[in-house]
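Engineer: Predicted model, plus sequence, below.
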Amino acid sequence: MPVHSSAIVDPRARIHESADVGPFCVIGPEVQIGPGTRLMAHVYVEGPTWIGEENIFFPYSSLGVASQDLKYKGERAETRIGSRNKIREFVTIHRGTEGGGLLTRLGDENLLMAYVHVAHDVYLGSHCVLANGVTLGGHAIVGDWAVIGAFTGVHQFCRIGRHAMIGGYSVLTQDVAPYSMTVSPREVKVFGVNKTGLERRGFSSHSIDHLHKAFRLLGSDKLNTSQAIEKIRAEITGCPEVDELLDFFASSERGVIK
């Protein structure tokens, strides 16, 4: 296991022999680091934290540190990070709290650009891209393949659906529908289906066309949300993506941006 002579590693940490710990890293007790993961330099990790395989952490990132939530009283809480993630400079990932299940969790193959903040009890799926300065408030949920533009702020307890694309500098205080393109330069609006992203990921034209129709109905001035959902259920059948979209609306507690 390559560990630089300037690194400080607690003897209770468990680091795979193929992991790489660079200069001036600090690794606390109850930290587990999987095969092939690299900590470049000046990376700070507190436990309990589990890190999977082949991740790369760039300088000055901080992982598993205590929540900024004033309700956090030092209870034992965890951070779990999957495999093949790229965590860039000055990213901060805070461990969970008692009020949110005591766990902050990241999936696999995500890119978190510089200065991203992942707050306590966040669930971030897999294959997501969070551009520079994105801030996820506590208890936020981000589905797989979401792309969040630079300097976007996500309010605590909000959800971002799968395959959503969010424009930079957005301020999100409600849930973001899956498959949508959403931006809030001044007022949050949905601009339609994330067509290009879905095509790149192999979604059929049949599904994309049905999603287009569903979003047109949801955005109609002549229909409220309940009427639009009823009309979608009557006119669009056999499309699992539309079913997922409607289930997302049905389960929302904060309302969904339209």
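Structural biologist: Arrived safely, thanks for sending.

Engineer: who touches residue 124 in this structure?
Structural biologist: 105-107, 110, 118, 130, 136, 142 (CB atoms under 8 Å, 6 or more residues apart in numbering). C-betas here are computed from N, CA, C, even on glycine.

Engineer: Recalculate using a threshold of 10 Å.
Structural biologist: Residue 124 is in contact with 81-82, 85, 93, 104-107, 110, 112, 116, 118, 130, 136, 140-144, 146, 148, 160, counting by CB atoms under 10 Å, 6 or more residues apart in numbering.

Engineer: For the protein, which residues score under the pLDDT cut-off?
Structural biologist: For the chain, the stretches flagged by pLDDT under 70 are 1, 186-188.

Engineer: Break down it into its helices, ranges please.
Structural biologist: 195-200, 205-218, 225-235, 240-251 (DSSP state H).

Engineer: need these in JSON lines with mean neighbour count, can you?
Structural biologist: Output for the helices of the chain, formatted as JSON lines (neighbours: other CB atoms under 10 Å):
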{"stretch": "helix 195-200", "mean neighbour count": "14"}
{"stretch": "helix 205-218", "mean neighbour count": "18"}
{"stretch": "helix 225-235", "mean neighbour count": "15"}
{"stretch": "helix 240-251", "mean neighbour count": "16"}
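
Engineer: Nearest to residue 176 among these would be which one?
Structural biologist: helix 240-251 (9.4 Å; CB to CB).

Engineer: what packs against the closest one?
Structural biologist: Contacts defined by 3 or more CB pairs under 10 Å, 6 or more residues apart in numbering; DSSP states H and E place helix 240-251 against helix 205-218, helix 225-235.

Engineer: If I take it and helix 225-235, what angle do their directions form?
Structural biologist: 150 degrees (axes from the mean of the first three to the mean of the last three CA atoms, to 10 degrees).

Engineer: For helix 240-251, give me every contacting residue.
Structural biologist: By CB under 10 Å, 6+ apart, helix 240-251 touches 143, 159, 161-163, 175-180, 193, 198, 203-204, 206-208, 210-211, 213-215, 218, 225-226, 228-230, 232-233, 235-237, 239, 255-256, 258.

Engineer: Just put the helices of the chain in a markdown table and tack on distance to residue 62.
Structural biologist: Formatted as a markdown table, these follow (distance: least, CB to CB, whole Å):
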| stretch | distance to residue 62 |
| --- | --- |
| helix 195-200 | 30 |
| helix 205-218 | 39 |
| helix 225-235 | 41 |
| helix 240-251 | 32 |
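
Engineer: what's the closest of those to residue 99?
Structural biologist: Between the helices of the chain, helix 240-251 lies closest to residue 99; by CB to CB that is 20.3 Å.

Engineer: what angle sits between the closest one and helix 205-218?
Structural biologist: 30 degrees.

Engineer: so how far is helix 240-251 off the chain centroid?
Structural biologist: Relative to its chain's centre, helix 240-251 lies at 20 Å (CA atoms, centre = their mean, to the nearest Å).

Engineer: got it, and stretch 132-145?
Structural biologist: Counting by CA atoms, centre = their mean, stretch 132-145 comes out at 4 Å from the chain centroid.

Engineer: And it, end to end?
Structural biologist: Counting by CA to CA, to the nearest Å, you get 17 Å between the two ends of stretch 132-145.

Engineer: what does stretch 171-183 give?
Structural biologist: Stretch 171-183: ends 8 Å apart by CA to CA.

Engineer: ok, and what's touching stretch 191-206?
Structural biologist: In contact with stretch 191-206 (CB under 10 Å, 6+ apart) are residues 127, 145-147, 163-167, 177-183, 207-216, 219, 238-239, 241, 245.

Engineer: right, and residue 116 touches residue 91 too?
Structural biologist: Yes - between residue 116 and residue 91 a contact is recorded at 4.8 Å, counting by CB atoms under 10 Å.
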